[in-house]
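> below: sequence and its predicted model.
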Amino acid sequence: MALFNQLTTALFDVLLAPLGHGRPWFDLALWPVLGGIAALLVIKAVSNQGGITRAKGLIQVHLLEVVLFRDDLRTVFPATAKALGYNLRYLAYNVVPMLVMIVPMTTILVQLVSHYAYAPLRVGDSVTMIVELDDTVGGVTPAEVTLDLPDGVVLEAPPVRTADGTIAWRLSTTKAGDHVLRVRAGASVEDKLLSVGGPARKVSVLRTKGWEALLYPSESVPVAGSPIASLSILNRRDAPLGPFPVGESGILAWFFGASLLAGFLLKDRFGVVL
């Protein structure tokens, strides 16, 4: 997982934001179209195009049979069952392409979110830093976890520590910059980046050992033997994206909606039956 994140992040750090993070419209318009084209190429390469064509045709035939002989139940019931059966076959023909597309499509989406979902905090914003301890490592109690703050970030209130291994700090930002918050847990040290002010740029909100690391690849995964499982920033600011929907869910909806539209519009040009 860590290696996959490193490789894909290094690649997309080069590919994304050619006009700068302040102009997200270019990538948000381009990459869904490329995703739709990639999906068409995968479907054409790995799906049973002949089978899909036959299944669609037979579904239409049996649905027409239902319409034409709707008063004859002895015809309607078998025709309906056959239409449902061919519909299941049609869906089965699309399972393999969907499985092949999951990794590249999700990778593109995750990188778009990493680059464009969030904006740096403003100077003067309050922020909550959360650290979760790894109960599979042990050896460190919440009372032993401390936080070193750089110039530009100050502590607003003493940390809150819970018995289940969660520590929360309430912080305030006083200076623009990419600040490194350093967490010490016994002999282990893990850093969390906090972006404040300045130009639009990639903003990281979570470092974790869990599977969510695949969704937040901007920072490295904490080392395997670290007693720290995750470091997160709760207060987030959605980046302005002009006419596009904002935040993680907005980019998700836009990407898949635009990719599907591009695929349907271009399917005949690529000779693909959907």
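Nice, I can see it.
> contact partners for residue 200?
20-22, 24, 119-120, 239 (Cβ atoms under 8 Å, 6 or more residues apart in numbering). C-beta: built from backbone N, CA, C; applies to glycine.
> just among those residues, which is most surrounded?
Counting neighbours by other Cβ atoms under 10 Å, the top entry in these is residue 24, with 24 neighbours.
> what sits against the residue nearest to that residue when sequence neighbours are not counted?
If the residues on either side of it in the chain are set aside, residue 24 comes closest to residue 116, at 4.6 Å by Cβ to Cβ, 6 or more residues apart in numbering. Counting by Cβ under 8 Å, 6+ apart, residue 116 touches 21, 24, 27-28, 239, 241, 251.
> before we move on, back to that, can I get the contacts of residue 200 in a markdown table with distance to residue 208?
Shown next, in a markdown table, are these (distance: Cβ to Cβ, whole Å):
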| residue | distance to residue 208 |
| --- | --- |
| 20 | 29 |
| 21 | 24 |
| 22 | 28 |
| 24 | 25 |
| 119 | 21 |
| 120 | 21 |
| 239 | 21 |
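> what residue lies at the spatial centre of the chain?
The centroid of the chain falls nearest to residue 110 when counting by Cα atoms, centre = their mean (3.6 Å).
> now it, what's its secondary structure?
helix (DSSP: H, G, I helix; E, B strand; the rest coil).
> what pLDDT is listed against the closest residue to it other than its chain neighbours?
Spatial nearest neighbour of residue 110, excluding adjacent residues (Cβ to Cβ, 6+ apart): residue 215 at 5.6 Å. We have a pLDDT of 93 for residue 215.
> same deal with residue 94?
92.
> list the contacts for the closest residue in space to it that isn't next to it in sequence?
Closest residue to residue 94 apart from its sequence neighbours, by Cβ to Cβ, 6+ apart: residue 47 at 6.6 Å. Going by Cβ under 8 Å, 6+ apart, residue 47 touches 93-94, 96-97.
> show me what residue 179 bridges to in the sheet.
Counting by DSSP bridges, residue 179 forms beta bridges with residue 194.
> and it, how far is that from residue 151?
8 Å (Cβ to Cβ, to the nearest Å).
> then residue 58?
In terms of Cβ to Cβ, residue 58 sits 71 Å off from residue 151.
> and these two? Which one has more around it.
Set side by side, residue 58 and residue 151 show more neighbours around residue 58, with 17 against 9, by other Cβ under 10 Å.
> which ones are touching that one?
Residue 58 neighbours (Cβ under 8 Å, 6+ apart): 82-83, 86.
> now the buried members of those.
82-83, 86 (16 or more other Cβ atoms under 10 Å).
> I'd like those residues as TSV, with pLDDT, secondary structure and distance to residue 258 appended.
Shown next, in TSV, are those (pLDDT from 0 to 100; DSSP: H, G, I helix; E, B strand; the rest coil; distance: Cβ to Cβ, whole Å):
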residue	pLDDT	secondary structure	distance to residue 258
82	90	helix	36
83	90	helix	31
86	92	helix	30
